[in-house]
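> Below are the sequence and a predicted model; questions follow.
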Amino acid sequence: MRAYYLSRPLTLCTSTHSHTLKAVSQGAPTKSEIHIASQNELNLVRSALAMTYPEEPVGQLLHVLTPDSVANLPGLPPYLGVKAFTDLGAELPANCLVAQAQALKNGQPGRRHFRLLLINAFGANLGDNLIGLAAFRHVLVVLRKYFPVVTVDVLLGWHSNDRLSRLFRDMDEIDTIRIQGLTLAELGRYQALFDTSNLIDLPQYGKLAMVDWYLWWMGLDPLCTPVEEKRNAVVIPEAERNFVATLLPPGTGPLFLFNPQASVPLRSMPEKIIPLMLETILAAWPEAMVVLLGATQVKHPRLVNLSGKITDVDRLAALVAAVDALVGVDTYTTHLADAVSTPAVTIYSSITPERYPYYPLDKALLLPNAEKLPAWGKGKASAEIWADMTGTYDAAWQALEPEAVIAALKYVIQKKAAGVFPQRLLTARKAAPMACPTRLLPDGVLEVPLRQHDDPMARLFDETVARVAEQIVRSGDTVALLGAGAGESSLALARLIGRDGHMVTFEPRRHLHQLLCANLTRAGIWHVETHLVMPEGENLTRREINGLQAADEYGPLMMANGEQPESVVCWPFDLLALDACRLLVLRSPLARLPILEGTRDTLTRLRPVVLLGVLSMHNTPVFESFLSGLNYRVRVLLLGTPDEPEHTARCGIILAEPM
């Protein structure tokens, strides 16, 4: 994981995304000013700084943190897997993820929802991510065992299309797929991290089979996973299957897919080799039809080029599943072929096929003397370096015997015919996950965030509000509720005062305010005045508070569950200058003295009954003193549960009545 901060504010803009980055205001950077970089983000930042501030050196504007500095950032969630160990040269415990998950659960015994972040996914390539997901499914088995509820967000990076995100969208535990980097404060939402940043530089990378490396890096022993469970799996939507079927040529002979192009020239077949390879395949199978992905000048009645029609990963998967065999290079189609059990011949030019040993229907061919070629062991080469090597690789491809490809193709086709190799297909998720799912409370009336805990103290306070209101509130009255939440007390009060009444609510937390408005509308209640405001201060102002993420776990008496600041408008309740008020309720967590101070004029003029809570018992004297000074009779109602009887209760509610 890489992090940085800026001396000047900056807006990153691409053709598909835009992101505004805060700069350090003064002194050391705060958590909301330290940015966690996603894939390719630092390159974009450097370019944008040079264009935005051409008179200033980029090195003075951009401050990249060293790995040691990142590891020591305050509030950084713990790592899971091998990344958690500082001494990677020592012998690591097998299946360390099991102990890590158990320790994380034991360290937070009251937590039900554990939110994890997968940083930078499994690299930037489709094939690596398909393989990484094969390993990650086994990781999820462990996580489900130890965590009551677990969801994983994925930080992908600044890619120009959604081809990578489409691979993750159908996994049930994947919640949010993030494209842009986040701040250190936002990182605090997560209970733990998986990190595969700069994976080609990580220990053991390239020395193990790819799926084994992902298992090992995420904390599982590859030897404990059965070989057949290390293979790829994929979702193919029915609509894409049907679309591809309309593109395929008619015929009774075999249908072959020929894919000579990888994402980089190093692993692609040279253009001058493609015609020879196509002619050899067509001659070896006079009844075959060949589907081509890629550019070529070859024309043949049994050759169909679908490059312009196969425009996304779903259509590509459907195509690979529909053909009888594949001939290609080291690219994504090889890994798809394993998932859909399509026989494949893969020609490798720079990477050993031993990285993918678990594909039963793939026959690997190496370019002649590939180990001696200049880019052996590398997945890509820069344009400058590749220009110097092109002739060497052209010669190696010319030395490849087309007959060897034909022999390998016949071998995998016969192997498929002689055995049973079912496709490894996953079921598409019916609907995309909601960013903030909700649930109905048992009464079937109020909708609250899915991760909101059931707090007995909050429930007792709402019941007390209802009892007091029934005794003193009449139809047509005016009531006020500060800290309304999602509406736990609001709906009952609104019904009690009727359509001729007037109710005022204050809720400064944006997510809860939106849900409050939705609940009121859903219940057909229109006589409630809602304010997205913190009712404190002397005049209209704005300040930052820690945000409450309604999609994360929290209790109804908590002010915030994250460290990401959120701007909120502040002004005192007295600014409303109400003409009447029968009941004033201050609900935790807003029941603080500055808020009560902002009601002084209303309490003096209108003399409403006041309910204040839930409060710790050691905090009640200061509120009792304030209200007594305004000539209120004050009682403290003790709150107790079966586990904490009232005579030992540590919490209470202040009930204040005007003399």
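Good, I have the coordinates. Residues are numbered from 1 along each chain as shown.
> OK, contacts around the residue most central in space within the chain?
Nearest to the mean C-alpha position of the chain, by C-alpha atoms, centre = their mean, lies Asp153 at 2.2 Å. Asp153 makes contacts with Arg115, Leu116, Leu117, Leu118, Ile174, Asp175, Thr176, Ile177, Arg178, Tyr190, as judged by C-beta atoms under 8 Å, 6 or more residues apart in numbering. For every residue, glycine as well, the C-beta is placed using N, CA and C.
> so which of these would you say is closest to Thr602?
Closest approach to Thr602 among those (C-beta to C-beta): Arg115, at 40.5 Å.
> pLDDT of the regular element (helix or strand) spanning the closest one, averaged?
Using DSSP states H and E, Arg115 sits in strand 113-119. Mean pLDDT, computed over strand 113-119, is 96.
> Kindly report the same for stretch 14-30.
Stretch 14-30 shows a mean pLDDT of 90 in the predicted model.
> Just checking the distance from it to the centre of its chain.
Put simply, stretch 14-30 sits 20 Å off its chain's centre (C-alpha atoms, centre = their mean, to the nearest Å).
> same thing with stretch 302-317?
Distance, stretch centre to chain centre, for stretch 302-317: 30 Å (C-alpha atoms, centre = their mean).
> Please give me every residue in contact with Ser69.
Applying C-beta under 8 Å, 6+ apart to Ser69 gives the contacts Ala3.
> ok so, going back, give me the buried positions along the strand holding Arg115.
Using 16 or more other C-beta atoms under 10 Å as the test for burial, strand 113-119 gives His113, Phe114, Arg115, Leu116, Leu117, Leu118, Ile119.
> what do you get for stretch 590-599?
Leu590, Ala591, Arg592, Ile595, Leu596, Gly598, Thr599.
> dump the residue contacts of the fourth one.
What it means is Ile595. Shown in contact with Ile595 (C-beta under 8 Å, 6+ apart): Leu482, Met534, Pro535, Glu536, Phe573, Leu586.
> hmm, try it at 7 Å
Going by C-beta atoms under 7 Å, 6 or more residues apart in numbering, Ile595 touches Leu482, Pro535, Glu536, Leu586.
> Redo the residues you listed as a markdown table? Include secondary structure.
Listed next are the contacts of Ile595 as a markdown table, based on DSSP: H, G, I helix; E, B strand; the rest coil:
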| residue | secondary structure |
| --- | --- |
| Leu482 | strand |
| Pro535 | coil |
| Glu536 | coil |
| Leu586 | strand |
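> Quick check: the farthest pair among those?
Spatial extent of the contacts of Ile595 (C-beta to C-beta) is set by the pair Glu536 and Leu586 at 11.0 Å.
> before we move on, the earlier item: return the member of the buried residues of strand 113-119 nearest to Thr390.
Proximity of these to Thr390 (C-beta to C-beta) peaks at Ile119, which lies at 35.6 Å.
> OK, contacts around the closest one?
Met1, Leu155, Leu193, Phe194, Asp195, Thr196, Ser197.
> Quick check: closest non-adjacent residue to it.
Spatial nearest neighbour of Ile119, excluding adjacent residues (C-beta to C-beta, 6 or more residues apart in numbering): Asp195 at 4.4 Å.
> Does the one you found touch Pro78 like I think?
No: using C-beta atoms under 7 Å as the test, Asp195 is too far from Pro78 to be in contact (10.9 Å).
> I'd assumed Thr390 was in a strand, is it?
No: Thr390 is assigned helix when assessed by three-state DSSP, not a strand.
> State the distance from it to Trp397.
Per C-beta to C-beta, to the nearest Å, Thr390 is found 11 Å from Trp397.
> more neighbours, these two?
A side-by-side neighbour count of Thr390 and Trp397, using other C-beta atoms under 10 Å, places Trp397 first with 19 against 13.
> ok, now which ones touch the more buried one?
By C-beta under 7 Å, 6+ apart, the contact set of Trp397 is Met269, Pro270, Ile273, Leu367.
> Provide a list of residues in contact with the last one.
It stands for Leu367. Applying C-beta under 7 Å, 6+ apart to Leu367 gives the contacts Ile347, Ser349, Ala396, Trp397, Leu400.
> Is the first one part of a helix or strand, or is it coil?
In other words, Ile347. Quick answer, by three-state DSSP: Ile347 is strand.
> I'd say it and Val329 touch.
Yes: using C-beta under 7 Å, Ile347 is in contact with Val329, at 5.2 Å.
> Looking at those two, which is more packed in?
When neighbours are counted by other C-beta under 10 Å, Ile347 and Val329 differ, and Ile347 comes out ahead with 26 against 21.
> Enumerate every residue touching the more buried one.
Counting by C-beta under 7 Å, 6+ apart, Ile347 makes contact with Val329, Leu365, Leu367.
> May I have the beta-bridge partners of it?
Beta-bridge partners for Ile347, by DSSP bridges, are Val329, Leu365.
> Helices of the stretch 551-659 of the chain, start to end?
593-597, 600-606, 620-629 (DSSP state H, counting those that start in this stretch).
> same thing with the stretch 401-550 of the chain?
Counting by DSSP H, counting those that start in this stretch, the helices of the stretch 401-550 of the chain are 402-418, 456-472, 490-497, 510-522.
> export the shortest one as PDB, just CAs?
Output of helix 490-497 as PDB, limited to C-alpha atoms (Å, rounded to 0.1, in the frame of the first residue of the first chain):
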ATOM      1  CA  SER A 490     -40.500  10.700  15.600                       C
ATOM      2  CA  LEU A 491     -43.200   8.600  14.100                       C
ATOM      3  CA  ALA A 492     -45.000   8.000  17.400                       C
ATOM      4  CA  LEU A 493     -44.800  11.700  18.400                       C
ATOM      5  CA  ALA A 494     -46.000  12.800  14.900                       C
ATOM      6  CA  ARG A 495     -49.100  10.600  15.100                       C
ATOM      7  CA  LEU A 496     -49.800  11.800  18.600                       C
ATOM      8  CA  ILE A 497     -50.000  15.500  17.700                       C
END
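> Understood, closing this out.
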